[in-house]
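**Q** whatever this is, show me its structure:
(chains A and B)
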Amino acid sequence: MSHPKRAEVFTRDTERTTWHDETLWFVRQKRDKAVYAVPEFQELRELASQIKTHTLSRLADYLEQFEAQAKANGVHVHWAANAEEHNAIVLDIIRQEKASSIVKSKSMLTEECHLNPYLLRHGVEIVDTDLGERIVQLRQESPSHLVLPAIHLKKEDVGATFFKHLGTAEGEVDPQVLTEAARQHLRARFLTAEVAISGVNFAIAETGSIVVCTNEGNADLAVNLARVHIASMGIEKLIPRLSDLSVFTRLLARSATGQPATTYTSHFSRPAAGKELHIILVDNGRTQQLGRPDFRASLKCIRCGACMNTCPVYRRSGGHSYDFTVPGPIGAILSPNIDMRQHASLPFASTLCGSCTDVCPVKIDIHTQLYKWRQVIAAADEIPASKKWSMRLLSRVLARPGMYELGGKFARVGLRFVPHALTHAPGYNPWAIARELPEPPPQSFREWFKQTNPKP
Amino acid sequence: MTATARERILAATRANHFEENPLPTVPQFTGDASVERFTEVLQSIGGQIVRIPVGQPLAEVVQQLFPAAGPVASPLLPATITIDEQTPTAVLDTVDVAVLGGIFGVAENGCIWLPEANMLHRALPLITQHLVLVLSQQNIVATMHQAYALVTDVGDYGMFIAGPSKTADIEQSLVIGAHGARSLTVLLTA
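**A** Numbers count the residues shown, from 1 in each chain, chains lettered A, B, ... in the order given. Modelled structure (predicted):
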């Protein structure tokens, strides 16, 4: 199913669509307020971009440096070329530990690898501990946003889910009460977990450390109680120096939610005595993206979600309409690299207004890449026939001034007589489903110009 | 299997290296490092701040702040529960108040650096119901640039803490006390 078809499902509920739109715009405004309070914010964006570009240009060297440092710190380092290898490594560690209680904090990479369903098929159940992720997990859904996983839901939805699964009172919708219920429910899991899985926000090559940023504290609580900590990271999470964190920690939370910093910014270098830290370095298409000069800058992404909050299409179509782990503008430039045919409609889910590029804290040229993916997709003949043929016809008309003039004349006259039901038939004019054609003008601009500026 | 994955990934990465872009030098952007700024930001993110008059014992301050406290863990005052690296999870879970020493604070975002050496147990700052961090008002820096200039070595484990645990995952309504400490109080000493 294409993005427009899935978006149509979301937009059927007008009230909810409006709420979704306004709520995310509010987050964007909070971001602006936080950003404008930092005079050097634009310089920080440029520095972050340069640090990431530099790292990507020498990524193999930094990966080797990181691995050597981490191993020297007593960390187990694993490499996974794809999702299957990643999942197999996780399962292997869980089995070696003979663990039956496993918790996971927020990690888009494990979503990308579909770790939960894989482990379930092998008889292992994971409990997601980020509140938003736990909500969508209980509902058997996927996150609809990078940092606000349950933003597509209303408190009534969450209340109904918690009534069913956590035993809260029927009709209870107070976020305070619901959050407290989740706290109690999840604390019991934290206390018994033998293995804790987390994502990674940044990995520091010079020290072999990983950094995890959360607001809820679920990651730190989980990994510091369990005997085994598994941290899954994409290979693009590397930064060269510890001091580079000064740039990224100033950008991340401000761009994401408008907070000056995440509540917890934790640095893990060495496991506690008697415990284990495993880091899994995952490729899963990243080296391929690195080999695409037009698109490799997408690997600079720090997963803040700012491009989603600002995107007029994302705000009105919802994260699930993208049907990809990472939704929104950044997802629309990452997904074709994974499967161009399946995600062919995503680069078109944009107005190319460029707002995503303007807010991106690491200066990814998102809207330019959206445009470039469209060329690639069209060249590979992966666009719908209606779009393909109408564009071909249009380009022929636009290339011939005489034909263009004639076409305009026909349209101006014809539109007065052709019945509305025909001009607006959704079957062949999807553009008119939610739009009205303007009243045809009596004359064209060229006719008007000739008339008002007669040749001397 | 993983050994070959390593080689495959490194080879594919190296094959796609591009013209080297220089690693920039990050300027030491500075700013307001005042106690007032730090206080204002900390309060805006849900933390509270209490200035300790010279000579007043910490234990007394904590007693006043948490008159009905359950077990209090701390290396800084006479604790009512002993916590160390070996403390079992079930015991950690009973801690009501943890009073720990922060190294320095960051005025721009309310972060306080807490290294593992000051935590008693890595999970204590999270699992305690209420967290109290003691901080000297001499030790406040302006921005994260100054912060990482001080933290040249993060040690085995260390964290910046900015306020109490929080979430807005239900309809963007801010709720304090998600999974970590329900409150954060900073005791500012001279």
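**Q** use CA for all of it now, contacts and neighbours both
**A** OK.
**Q** spatially nearest residue to the residue of the stretch 301-450 of chain A found nearest chain B (excluding sequence neighbours)?
**A** Chain B sits closest to A:N309 of the stretch 301-450 of chain A, with a gap of 12.9 Å, by C-alpha to the nearest C-alpha. Among residues not flanking A:N309 along the chain, A:L24 sits closest, at 4.9 Å (C-alpha to C-alpha, 6 or more residues apart in numbering or on different chains).
**Q** what does B:V154 give?
**A** Distances taken as C-alpha to C-alpha, 6+ apart place A:H267 nearest to B:V154, at 6.7 Å, with adjacent residues excluded.
**Q** assumed that neighbour was part of a strand.
**A** Yes - the assignment for A:H267 (DSSP: H, G, I helix; E, B strand; the rest coil) places it in a strand.
**Q** tell me, how many residues neighbour the residue nearest to A:E172 when sequence neighbours are not counted?
**A** Spatial nearest neighbour of A:E172, chain neighbours left out: A:G159 (5.5 Å); criterion: C-alpha to C-alpha, 6+ apart. With neighbours defined by other C-alpha atoms under 10 Å in any protein chain shown, the count for A:G159 comes to 25.
**Q** then B:P27?
**A** B:P27: 11 neighbours (other C-alpha under 10 Å).
**Q** now it. Its backbone dihedrals?
**A** Note on B:P27: backbone dihedrals following degrees, to the nearest 10 are phi -70, psi 150.
**Q** chain A versus that one, what's the distance?
**A** The spacing between B:P27 and chain A, counted by C-alpha to the nearest C-alpha, to the nearest Å, is 9 Å.
**Q** re the thing from before, let me know the secondary structure of the residue of the stretch 301-450 of chain A closest to chain B.
**A** Put simply, A:N309 is helix when judged by three-state DSSP.
**Q** and the next element down the chain from the lowest-mean-pLDDT helix or strand in chain A?
**A** Taking mean pLDDT, DSSP states H and E as the measure, the helix or strand of chain A with the lowest value is helix A:420-423, at a mean of 86. Using DSSP states H and E, the helix or strand that follows helix A:420-423 in sequence is helix A:445-452.
**Q** which residues touch the residue positioned nearest the centre of chain A?
**A** For chain A, the residue nearest the mean C-alpha position is A:V326 (3.1 Å; C-alpha atoms, centre = their mean). Neighbouring residues of A:V326 by C-alpha atoms under 8 Å, 6 or more residues apart in numbering or on different chains: A:M108, A:H145, A:L146, A:L334, A:S335.
**Q** out of those, which is most surrounded?
**A** A:L334 (28 neighbours).
**Q** burial check on A:P430, number of neighbours?
**A** Neighbours of A:P430 (other C-alpha under 10 Å): 12.
**Q** the one 10 residues further on too?
**A** Residue crowding around A:P440 was assessed by other C-alpha under 10 Å; the count is 14.
**Q** which SS class is the closest residue to it other than its chain neighbours?
**A** In this structure, A:P440 finds its nearest non-sequential neighbour in A:R412, 5.3 Å apart by C-alpha to C-alpha, 6+ apart. Here A:R412 is helix, with the state taken from three-state DSSP.
**Q** for the helix or strand containing A:A188, buried residues please.
**A** Applying DSSP H and E as the criterion places A:A188 in helix A:175-192. Under the neighbour-count criterion of 16 or more other C-alpha atoms under 10 Å in any protein chain shown, helix A:175-192 has A:175-176, A:178-183, A:186-187, A:189-192 buried.
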